[in-house]
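J.: Pasting the sequence and the predicted model now:
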Number of protein chains: 2
Amino acid sequence: MTERKHNFSAGPCTLPVEVLQQAQQQFVDYQGAGMALIEMSHRGEHFQAVASEASALAMEIFQAPEEFQVLFLQAGATLQFSMIPMNLLHPGEKGAYVNSGAWSQGAIADGALHGEVYTAWDGADHHYTRMPADRELALQDNTRYLHITTNETIGGVRFAEFPQVEMPLIGDMSSDYMSRPIPWSRFDLVYGGAQKNLGPAGLAVVFIRKAVLENSNRNIGKYLRYDIHAAHASMFNTPPVFPIYLFGEVLKWMKKQGGLSAMQRNAEQKSSMLYAAIEQSDGYYTCPVEPACRSHMNVVFRLPNAELEQQFLTQSHAAGMVNLKGHRSVGGCRASIYNAMPLAGVTALTEFMAEFQANNR
Amino acid sequence: MTERKHNFSAGPCTLPVEVLQQAQQQFVDYQGAGMALIEMSHRGEHFQAVASEASALAMEIFQAPEEFQVLFLQAGATLQFSMIPMNLLHPGEKGAYVNSGAWSQGAIADGALHGEVYTAWDGADHHYTRMPADRELALQDNTRYLHITTNETIGGVRFAEFPQVEMPLIGDMSSDYMSRPIPWSRFDLVYGGAQKNLGPAGLAVVFIRKAVLENSNRNIGKYLRYDIHAAHASMFNTPPVFPIYLFGEVLKWMKKQGGLSAMQRNAEQKSSMLYAAIEQSDGYYTCPVEPACRSHMNVVFRLPNAELEQQFLTQSHAAGMVNLKGHRSVGGCRASIYNAMPLAGVTALTEFMAEFQANNR
């Protein structure tokens, strides 16, 4: 087998190698069933066990209270941009959004097509280098929810503290799920694609407050309704069988590592190492994000010029560290260090950064 | 390894064992990349190659003309029930639907929430045992499309011939995709979940006429827009990486078997064997569907009474033939014999049927 790369992709991204190896063993003949899990009926006993275990474990390790239900959906966080206003906004109600970068802009644009929405704070005025304080939020009457992107994958900026406002929060946590505790009492809904911190692509994980379901809109197609998915325990239609299985295996791995507090500690440690490497470079590496709002998941940085950035990417790739290129819309470099990125990957990267700087003054 | 079962599930369902074995080998270290495909960025070179190969191969082996584009979506055929009227119906235009059973009813119910729709023929009047002739269709003025479910998975009834009408057809082919040629000139859109004839759960495959995209509705969220998915070659947001990969591998397997004509021949042979076993049982096994409309994919049959049906299911299961139970809404037995079901599975089942009848007069 080829030596394993350190994969800093922003998503889909590195998964725990132990989980991959275990899934490989079981791939053709799942638990001696005489067939693979990926070809099993979603209503059969094997997959029912997989799905209920994944569901119970998600509630447990996310520390979600029983007022919430977890849903396994498809079509990514992107479909949620439409489903949220479709389900939650009734006539006369508005959705407030924080514009903190590319992903919140996606949520706002789609939201506006399916409800009345407005921008409560615009990060464009600050070049998306920070998040708002609560007092900066311009909230209007009849606001049903405040939507936040808790961590912006592209800009590398995050809410260090979740807002505390009058109305419920809705959080897109695609890129920092399971990296810190969620103050559930403030939220009506938390969602995200699994393909960053939680598992493979093809699964969106939604936690919804059960009380919300009682009053959600019914005049939309069935796949678009949270209440339908909730009533059928995410089995109204065929769920993404294999992604749910692998998600469950990743959750088990996280639990074994020590659960949420361990994931949070690891995220703090790994991101601190990288930001320290940037700070100690005497301005060779720079991070545009204000220190208090720097992401623990997506560490963005620039080199002195574009030519050096290109060399940095080429040489780090050759050294076994891949996908360090910043998003095409912003350029520069970005190290995504999700839960499954081992400390060794970050150590290798900081060492490489120091070496590259020494060789390319 | 446990002996492989014959899996007659209606979906997700049996996949070619050669494909599973090959995917297993590559599972942890894909083509020597030092990482698994399931953890790779969808924008990286490996997955880009997988996706474009799958896309080209889909056009080739479905024999789709260049007026069409194939899209890889999520959320199953079920989300298509909403997306079709959302994208295609403009004010004043109506969608006509054939009600041929459970799945078309799903399409009609969701369609009515996102456009003006009507039922052009109602199979309820015939206990869903046949499909309409063209002259039985009550089509109204200003009908944008006629929606048909080409094969009803639960009722085991299919259109032996596709309707020939004035307006374009839209076909839900979830359960008979790649089992017979599609008269493309009559269609504007063909869709289906992959998890029956094409691959694993978590992927919906849509073929759309490119001209339709020029005039499709834009006032809906981006995930819901066909034109957005088409413009981004199904990479507007993170696609279901692993299901697309396995779908591509199944397509390669089909091509090696002889492509569409081989799949059609196999389907005719396997279904003929089962219907012959039913016909030759002197009324012990019965199929409620009119002979001309019997599905080549989902063979439904009854035994003399519910007690015998239960014994049949228990004993066939013990003999290594699983998931022969009919859908819970209709009862009885059902053998789903999709493209990846080997002839040996059908031979084993017909032998078992004869033996069971002899032992349980």
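T.: Sure thing, it's come through.
J.: May I ask which helix or strand encompasses A:Thr119?
T.: Using DSSP states H and E, the element containing A:Thr119 is strand A:116-122.
J.: what lines up beside whichever helix or strand comes after that strand in the sheet?
T.: Downstream of strand A:116-122, the next assigned helix or strand under DSSP H and E is strand A:143-149. Sheet pairing of strand A:143-149 (DSSP bridges) gives strand A:94-99 (parallel), strand A:169-172 (parallel).
J.: Touching the next helix or strand after the shortest one from outside, list them.
T.: The one in question is strand A:169-172. Moving toward the C-terminus from strand A:169-172, the next helix or strand (DSSP H and E) is strand A:187-193. With contacts defined as Cβ atoms under 8 Å, 6 or more residues apart in numbering or on different chains, strand A:187-193 is touched by A:11, A:76-77, A:80, A:84, A:88, A:145, A:168-175, A:177, A:182, A:198, A:201, A:203-209, A:212, B:238. C-beta coordinates here come from the backbone N, C-alpha and C atoms, glycine included.
J.: Next, the contact list for the residue in the stretch 251-361 of chain A that chain B sits nearest to, please.
T.: Per Cβ to the nearest Cβ, A:Asn323 is where the stretch 251-361 of chain A lies closest to chain B, at 5.8 Å. Taking Cβ under 8 Å, 6+ apart, we find A:Asn323 in contact with A:7-10, A:336, B:41, B:44.
J.: Quick check: buried residues in stretch A:183-202?
T.: If you call a residue buried by 16 or more other Cβ atoms under 10 Å in any protein chain shown, then stretch A:183-202 has these buried ones: A:184, A:187-202.
J.: whoops, I mixed them up, stretch A:283-298
T.: Buried positions in stretch A:283-298, judged by neighbour count with 16+ other Cβ under 10 Å: A:284-285, A:287-289, A:293-298.
J.: can that stretch be found next to chain B?
T.: No - judged by Cβ under 8 Å from any Cβ of the partner chain, stretch A:283-298 stays clear of chain B, getting no closer than 13.4 Å.
J.: For the stretch 251-361 of chain A, which segments are assigned as helices?
T.: In the stretch 251-361 of chain A, the helices defined using DSSP state H, counting those that start in this stretch lie at A:259-279, A:306-318, A:343-359.
J.: a markdown table for those helices, including mean pLDDT and distance to chain B?
T.: Listed next are these as a markdown table, based on pLDDT from 0 to 100; distance: least, Cβ to the nearest Cβ, whole Å:
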| stretch | mean pLDDT | distance to chain B |
| --- | --- | --- |
| helix A:259-279 | 98 | 17 |
| helix A:306-318 | 98 | 11 |
| helix A:343-359 | 98 | 12 |
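J.: how about CSV for those, with mean neighbour count added?
T.: Converted to CSV, the helices of the stretch 251-361 of chain A look like this (neighbours: other Cβ atoms under 10 Å in any protein chain shown):
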stretch, mean neighbour count
helix A:259-279, 17
helix A:306-318, 15
helix A:343-359, 16
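J.: To B:Met273, which of these lies closest?
T.: helix A:259-279 (53.7 Å; Cβ to Cβ).
J.: C-alpha coordinates for stretch A:16-31, PDB please?
T.: Output of stretch A:16-31 as PDB, limited to C-alpha atoms (Å, rounded to 0.1, in the frame of the first residue of the first chain):
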ATOM      1  CA  PRO A  16     -10.000   7.900  10.200                       C
ATOM      2  CA  VAL A  17      -7.900   5.200   8.600                       C
ATOM      3  CA  GLU A  18      -9.100   2.600  11.200                       C
ATOM      4  CA  VAL A  19     -12.700   3.200  10.100                       C
ATOM      5  CA  LEU A  20     -11.800   2.800   6.400                       C
ATOM      6  CA  GLN A  21      -9.900  -0.500   7.100                       C
ATOM      7  CA  GLN A  22     -12.800  -1.900   9.100                       C
ATOM      8  CA  ALA A  23     -15.300  -0.900   6.400                       C
ATOM      9  CA  GLN A  24     -13.000  -2.500   3.800                       C
ATOM     10  CA  GLN A  25     -13.000  -5.800   5.700                       C
ATOM     11  CA  GLN A  26     -16.800  -5.900   5.800                       C
ATOM     12  CA  PHE A  27     -17.400  -4.500   2.300                       C
ATOM     13  CA  VAL A  28     -18.400  -7.500   0.300                       C
ATOM     14  CA  ASP A  29     -19.800  -9.700   3.100                       C
ATOM     15  CA  TYR A  30     -21.300  -7.600   5.900                       C
ATOM     16  CA  GLN A  31     -21.200  -9.400   9.200                       C
END
